[in-house]
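Participant: Kindly return the folded structure for what I paste below:
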Amino acid sequence: MEWISENKERLDKFLCRQFPDVSRAKVAQHIQSGAVRVDGSIASKAGFQIKEGNVIQCEAIAETERHPLEPIAMDLDVRYEDSDLLVVNKPRGLAVHPANSMTGATLVHGLLAREHGLSEMAGSFRPGIVHRLDKETTGLLIVAKNDRSHAALSELIHNRLVQRRYVAVIHGELPNKRFTVDAPLGRDPRDPLKRAVVALGKPARTHVKELKRLPEGLLVGCRLESGRTHQIRVHLAHFGWPVIGDDLYAPPKLRPGPMQLHAASLQFTHPLKDQLISICAEPPEDFFGREFVTAEVVNGWE
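Facilitator: This next block holds a predicted model:
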């Protein structure tokens with residue numbers, strides 16, 4: 001396929017318009033594979049700036065195989081369950097739902113193997129999923145069993161009535177014992193696979209509290225007011241306090257080992273039963289300072 005550009009813009013942005021049904025991440029991977037040429041030369045960077053009159057040649061982007069959503073029996077750690085919803089403690093390394101860039105079993109596959117229904121509001125490849133956690137983030141996640149509970153839970157999250165508290169072990173020193181990061185987030189203009197603090201991004205607020213100095217780093221608590229993709233990871237890394245083990249946003253020397261980010265606490269009023277749900281889950285064995293993460297510590301600050 002071949003086109004002549006009419007404006008100056010990023011190569012990945014141009015190709016995304018030509019392939020509207022292909023994700024931006026997959027377009028970036030296609031470019032990086034060497035399958036795109038500009039004026040006869042391979043352009044292998046998604047952020048390559050094309051100019052008016054450039055000839056862009058691109059090999060066809062292969063269709064992504066659809067992920068088979070077959071039930072896979074899993075020993076899920078369910079911390080709360082009733083006829084409308086459940087709260088699961090997600091382990092490290094388990095993706096929440098299938099994606100174009102990821103194959104293999106996900107939490108959704110495990111949920112399908114359980115003897116109850118799942119909501120369908122999030123689409124055919126995200127049954128029951130009301131909100132999500134990154135693959136390497138551990139901790140608590142709400143799952144809706146029917147569309148009625150899904151709609152009500154989504155409304156609670158939208159109105160910031162679900163209190164989500166995380167613990168993380170970070171590198172560096174904080175400016176204060178408690179503070180709020182208020183910085184808009186959007187796609188990183190230099191890397192479509194990442195998020196960044198950008199002027200025209202979506203509003204994002206993270207409340208941070210220092211909890212304990214450890215030999216490996218600083219244990220902090222983070223309370224989300226919004227819930228953007230990679231929010232805690234980006235907010236902390238942007239200001240110089242990367243999460244240890246974060247292979248996307250931490251500097252190379254801090255990337256080895258398990259990511260030290262855990263969704264430790266959920267508090268919300270059951271949307272259909274007017275009942276307070278308060279759950280705290282201990283971090284996994286490979287989380288630094290896990291013995292200091294208790295419900296009193298995690299929930300003991302506003």
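Participant: so Val108 touches Leu69, yeah?
Facilitator: Yes - shown here, Val108 and Leu69 form a contact pair, counting by C-beta atoms under 8 Å, at 6.8 Å. C-betas here are computed from N, CA, C, even on glycine.
Participant: Now the common contact residues for those two.
Facilitator: With contacts defined as C-beta atoms under 8 Å, 6 or more residues apart in numbering, the residues shared by Val108 and Leu69 are 98, 125, 127.
Participant: can you put those residues in JSON lines and add pLDDT, neighbour count and secondary structure?
Facilitator: Listed next are the shared contacts of Val108 and Leu69 as JSON lines, based on pLDDT from 0 to 100; neighbours: other C-beta atoms under 10 Å; DSSP: H, G, I helix; E, B strand; the rest coil:
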{"residue": "Pro98", "pLDDT": "78", "neighbour count": "20", "secondary structure": "coil"}
{"residue": "Phe125", "pLDDT": "76", "neighbour count": "14", "secondary structure": "coil"}
{"residue": "Pro127", "pLDDT": "87", "neighbour count": "21", "secondary structure": "coil"}
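Participant: contacting residues around the helix-or-strand element of the chain with minimal mean pLDDT?
Facilitator: When the helices and strands of the chain are compared on mean pLDDT, DSSP states H and E, helix 24-32 comes out lowest with a mean of 85. Counting by C-beta under 8 Å, 6+ apart, the neighbours of helix 24-32 from elsewhere in the structure are 11-12, 15-16, 19, 36, 43-46, 48, 58-59, 61, 64, 100-101, 187, 191-193.
Participant: Any chance you could give me the longest helix anywhere in the chain in CSV, C-alpha atoms only?
Facilitator: Longest among the helix segments of the chain by residue count, using DSSP state H, is helix 147-158. Taking only C-alpha atoms (Å, rounded to 0.1, in the frame of the first residue of the first chain), the coordinates of helix 147-158 have been written out as CSV:
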residue,chain,number,x,y,z
ASP,A,147,-25.5,-5.8,33.8
ARG,A,148,-27.5,-4.2,36.6
SER,A,149,-24.7,-4.4,39.1
HIS,A,150,-22.1,-3.4,36.4
ALA,A,151,-24.0,-0.2,35.6
ALA,A,152,-24.4,0.7,39.3
LEU,A,153,-20.7,0.0,40.0
SER,A,154,-19.6,2.1,37.0
GLU,A,155,-21.7,4.9,38.4
LEU,A,156,-20.0,4.7,41.8
ILE,A,157,-16.6,4.7,40.2
HIS,A,158,-17.5,7.6,37.9
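Participant: Mind listing what's buried along it?
Facilitator: Neighbour counts using 16 or more other C-beta atoms under 10 Å place 149-150, 152-154, 156-157 of helix 147-158 among the buried residues.
Participant: Likewise for stretch 219-228?
Facilitator: Taking 16+ other C-beta under 10 Å as the neighbour-count basis, stretch 219-228 is seen to contain the buried residues 219-225, 227-228.
Participant: gap between the residue of the chain most remote from its centre and Ile4?
Facilitator: In the chain, the greatest distance from the average C-alpha position (C-alpha atoms, centre = their mean) is reached by Gly53, at 38.1 Å. Summarising the geometry, the distance separating Gly53 from Ile4, computed by C-beta to C-beta, to the nearest Å, is 7 Å.
Participant: Same question for Val36.
Facilitator: Using C-beta to C-beta, Val36 is found at 14 Å from Ile4.
Participant: So for the two, which residue has more residues nearby?
Facilitator: Set side by side, Val36 and Ile4 give different neighbour counts by other C-beta atoms under 10 Å, the larger being at Val36 (25 against 9).
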